[in-house]
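[1] Here is my input; please provide its structure:
(one chain, ligands or ions: 2)
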Amino acid sequence: MFLVGLTGGIASGKSTVSSLLRELGCPIIDADVVARKVVEPHSPAYCRIVKHFGPEILLENGEIDRQKLGQLIFASEDKRRLLNSITHPEIHKAMLKQIVLFFLRGYRYVVLDVPLLFETRRLTRFLNHTVVVYCDPATQLSRLMNRDGLTQEQAEQRVAAQMPLNEKRGLASHVVENSGSREDTQRQVLRLHTKLEDSMEFLLARAIAIATAAGLGGLLLYAAKLLAS
Ligand SMILES: CC(C)(COP(=O)(O)OP(=O)(O)OC[C@H]1O[C@@H](n2cnc3c(N)ncnc32)[C@H](O)[C@@H]1O)[C@@H](O)C(=O)NCCC(=O)NCCS
Ligand SMILES: Nc1ncnc2c1ncn2[C@@H]1O[C@H](COP(=O)(O)OP(=O)(O)OP(=O)(O)O)[C@@H](O)[C@H]1O
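    Numbering: from 1, shown residues only. Ligands and ions are numbered 1, 2, ... in the order given. The predicted structure is shown next:
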């Protein structure tokens with residue numbers, strides 16, 4: 001199995017692209033969804049967030065007030081680092097479990113939709129392809145303001161909390177240009193999907209897995225013979 005990293009900037013269109021890929025049958029692991037799951041009430045990350053940010057970060061029903069936490073962490077780099085240090089190890093662990101499940105189900109590849117892929121760098125060495133969903137800065141800002149009901153200042157603050165999108169574009173092996181129409185993006189996603197489907201990298205990964213298993217099997221057999229003699 002091989003891994004494909006899908007990333008971009010805030011509101012650049014990652015979810016739009018990953019939904020299109022999912023409709024085409026691609027297995028997707030969405031880090032934003034995982035990030036919500038790992039902070040559910042009474043999980044280890046939840047308890048640490050309440051410890052460090054105080055009970056005032058909770059809604060009446062005991063869940064984390066995501067809007068309030070967002071306002072705090074996008075306004076302060078220290079608070080953002082603190083939240084990342086609590087959540088990221090849990091997010092990566094949960095994603096790894098999902099990758100293993102897809103592997104066991106026989107998938108040839110999995111797409112990891114991770115907004116902070118290049119910022120954290122933890123996953124990049126395991127990826128065979130990286131896809132950046134790009135849109136120009138003015139479009140990104142206006143889509144972000146419209147979708148989340150933010151002022152220009154708030155939206156700029158959120159964009160500034162991530163690596164510049166232009167820089168991410170330079171690090172990618174594939175770029176989806178999403179400044180234009182949805183139809184234009186859909187056409188690019190279809191081409192990307194064909195490339196992934198035609199890729200033979202899973203064969204190499206499978207050969208390495210078989211060789212490793214065979215090597216281990218041989219080693220175990222040799223050890224058993226030694227013990228028996
Ligand atoms: C700050 C939180 C509470 C805001 O929650 P909310 O539901 O409003 O937004 P959501 O989770 O859908 O995130 C929206 C987008 O914000 C951006 N974003 C989220 N967290 C961060 C961060 N720590 N640094 C920079 N950008 C971020 C991403 O582009 C993401 O796609 C939440 O995003 C969070 O817990 N973030 C920390 C975990 C994290 O890093 N998640 C990103 C996936 S690795
Ligand atoms: N090509 C497009 N034309 C018009 N609107 C678009 C296009 N692509 C995305 N949008 C809209 O822009 C907004 C941001 O897109 P989307 O939610 O896919 O971004 P994202 O990168 O997943 O965001 P986040 O980082 O916050 O998770 C959404 O409201 C979406 O409907």
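[2] Show me the domain layout of this structure.
    2-200, 201-229 (automatic domain parsing).
[3] Kindly report the residues of the protein close to ligand 2.
    Listed as neighbours of ligand 2 in the chain under the rule Cβ under 6 Å from any ligand atom: 8, 10-16, 32, 115, 143, 147, 178, 181-182, 185. All C-beta spots, glycine's among them, are computed from the backbone N, C-alpha and C.
[4] isn't there a strand covering residue 131?
    Yes. Counting by DSSP: H, G, I helix; E, B strand; the rest coil, residue 131 is part of a strand.
[5] For it, give me the pLDDT.
    With respect to pLDDT, residue 131 scores 98.
[6] doesn't residue 70 make contact with residue 79?
    No. Using Cβ atoms under 8 Å, residue 79 makes no contact with residue 70, being 10.6 Å away.
[7] Determine which of the domains of the chain shows the lowest mean per-residue pLDDT.
    When I compare the domains of the chain, domain 201-229 is least confident, with a mean of 76.
[8] Spatially central, which residue of the protein would that be?
    Computing the C-alpha centroid of the chain and ranking residues by Cα atoms, centre = their mean puts residue 114 first, at 1.8 Å.
[9] quick one: contacts for the closest residue to that residue other than its chain neighbours?
    The shortest distance from residue 114 to any non-neighbouring residue, by Cβ to Cβ, 6 or more residues apart in numbering, is to residue 31 (4.3 Å). Applying Cβ atoms under 8 Å, 6 or more residues apart in numbering, we find residue 31 in contact with 91, 95, 112-116.
[10] So which of these is surrounded by the most neighbours?
    residue 114 (28 neighbours; other Cβ atoms under 10 Å).
[11] Look up how far ligand 1 lies from it.
    Separation of residue 114 from ligand 1 (Cβ to the nearest ligand atom, to the nearest Å): 6 Å.
[12] got the contact list for that residue?
    Residue 114 neighbours (Cβ under 8 Å, 6+ apart): 5-7, 31, 95, 123.
[13] Dihedrals phi and psi, it?
    The phi/psi pair for residue 114 (degrees, to the nearest 10) reads phi -130, psi 110.
[14] With residue 6 instead?
    The phi/psi pair for residue 6 (degrees, to the nearest 10) is phi -110, psi 120.
[15] my guess is it meets residue 17, correct?
    Yes. Assessed by Cβ under 8 Å, residue 6 is found in contact with residue 17 at 6.6 Å.
[16] what do the two both touch?
    131, 133.
[17] Which parts of this protein are strands?
    Applying DSSP state E to the chain gives strands spanning 2-8, 28-30, 109-113, 129-134, 174-177.
[18] want to throw the ones you listed into JSON lines with distance to residue 225?
    Output for these, formatted as JSON lines (distance: least, Cβ to Cβ, whole Å):
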{"stretch": "strand 2-8", "distance to residue 225": "36"}
{"stretch": "strand 28-30", "distance to residue 225": "42"}
{"stretch": "strand 109-113", "distance to residue 225": "39"}
{"stretch": "strand 129-134", "distance to residue 225": "43"}
{"stretch": "strand 174-177", "distance to residue 225": "49"}
